[in-house]
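Trainee: how would this look folded up:
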Amino acid sequence: MIRAICGALLLAGLADGVAAQGCRQALVLGLDVSGSVDAREYALQRDGVAAALTAPDVAAALLDPAMPPVRLAVFEWSGPGETRLILPWTGIDGAAALSAAARQIRSARRAGFGPTTALGGAMGEGYALLAAQPDCDRHTLDLSADGTSNAGPRPQDTGAAPPGVTVNALLVAPEAPGRAAPLVDYFRAYVIRGADAFVETAIGFDDYEAAMRRKLLRELRALAIGARPVPARRG
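Mentor: Below is the predicted model:
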């Protein structure tokens with residue numbers, strides 16, 4: 001009987017410890033695998049996400065011991081109804097969890113989706129994933145894409161994001177001079193949502209890893225600054 005009581009108390013203590021960790025941010029990454037993304041570009045995007053997450057500066061921000069963990073999920077998207085979760089919700093509560101998440105992302109194999117691009121559908125999928133993490137302090141959807149929507153509901157017709165959700169975008173722009181600006185304007189006008197939302201730009205998929213790293217640092221560092229109390233001024 002005593003052993004059973006001790007065991008129950010231990011389990012209760014562990015459960016309380018997990019709950020006490022909390023969650024500072026639920027972060028969903030949505031990766032474009034539509035027909036405009038070839039096999040080489042798919043690999044650069046997938047591996048670029050894994051490399052950016054484990055870059056020393058991003059890892060330090062993710063694993064900040066002064067803050068609760070981040071929860072991360074990653075899905076691929078293409079045309080209407082074409083989404084696939086390649087990393088289910090994972091608490092990034094230590095270096096081992098981060099390394100395991102990166103390995104799982106790298107191991108993903110491309111699904112046989114159609115050629116179209118349904119940005120509005122991808123936004124809906126991201127919202128649904130974020131709704132499963134109501135206890136996180138912040139909710140962020142990051143959509144990567146290399147062009148405008150051409151199927152399904154248009155982003156501008158999907159309405160406002162759910163309360164408390166921020167939608168950021170990582171635009172993979174063409175390398176030709178002058179072609180990035182109209183796409184940036186499109187994503188600013190129709191895709192991003194919420195407080196402090198922004199568009200990060202990669203010039204071609206070879207720049208994707210660096211752009212993802214910049215985007216993650218901007219999100220995580222802003223969150224850290226906002227969460228920490230400002231010291232009282234003397235005098």
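
Trainee: What ranges does the chain have for its helices?
Mentor: For the chain, applying DSSP state H gives helices covering 2-21, 39-54, 56-62, 95-106, 119-131, 180-190, 208-227.

Trainee: Most tightly packed of those?
Mentor: helix 119-131 (a mean of 22; mean count of other CB atoms under 10 Å). No exception for glycine: its C-beta is placed from N, CA and C like everyone else's.

Trainee: Report the mean per-residue pLDDT for it.
Mentor: On average, the pLDDT along helix 119-131 is 98.

Trainee: hmm, back to that, for the helices of the chain, please prepare TSV with the additional fields distance to Ser78.
Mentor: Formatted as TSV, the helices of the chain follow (distance: least, CB to CB, whole Å):
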stretch	distance to Ser78
helix 2-21	35
helix 39-54	11
helix 56-62	27
helix 95-106	17
helix 119-131	9
helix 180-190	18
helix 208-227	17
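
Trainee: Ok, which of these comes nearest Leu72?
Mentor: Closest approach to Leu72 among the helices of the chain is made by helix 95-106 (6.1 Å; CB to CB).

Trainee: one step back: now the weakest link among the helices of the chain, please, by mean pLDDT.
Mentor: The bottom spot among the helices of the chain, by mean pLDDT, belongs to helix 2-21, with a mean of 39.

Trainee: I'd like to know which of the helices of the chain lies nearest to Pro163.
Mentor: helix 119-131 (10.8 Å).

Trainee: Now do that closest one against helix 180-190, angle only.
Mentor: With axes from the mean of the first three to the mean of the last three CA atoms, to 10 degrees as the basis, helix 119-131 and helix 180-190 are set at 50 degrees to each other.

Trainee: And helix 119-131, how far out from the chain middle?
Mentor: Relative to its chain's centre, helix 119-131 lies at 12 Å (CA atoms, centre = their mean, to the nearest Å).

Trainee: on that earlier part again, relative to Val167, which of the helices of the chain is closest?
Mentor: Closest approach to Val167 among the helices of the chain is made by helix 119-131 (6.6 Å; CB to CB).

Trainee: and that closest one, what does it pack onto?
Mentor: Under the contact criterion of 3 or more CB pairs under 8 Å, 6 or more residues apart in numbering; DSSP states H and E, helix 119-131 touches strand 25-32, strand 70-77, strand 83-92, strand 138-145, strand 165-173.

Trainee: got a list of contacts for the second one?
Mentor: This means strand 70-77. 23-34, 49, 53, 62, 83-92, 101, 105, 108, 110-111, 113, 118, 121-122, 125-126, 129, 133, 136, 220 (CB atoms under 8 Å, 6 or more residues apart in numbering).

Trainee: Many thanks, have a good one.
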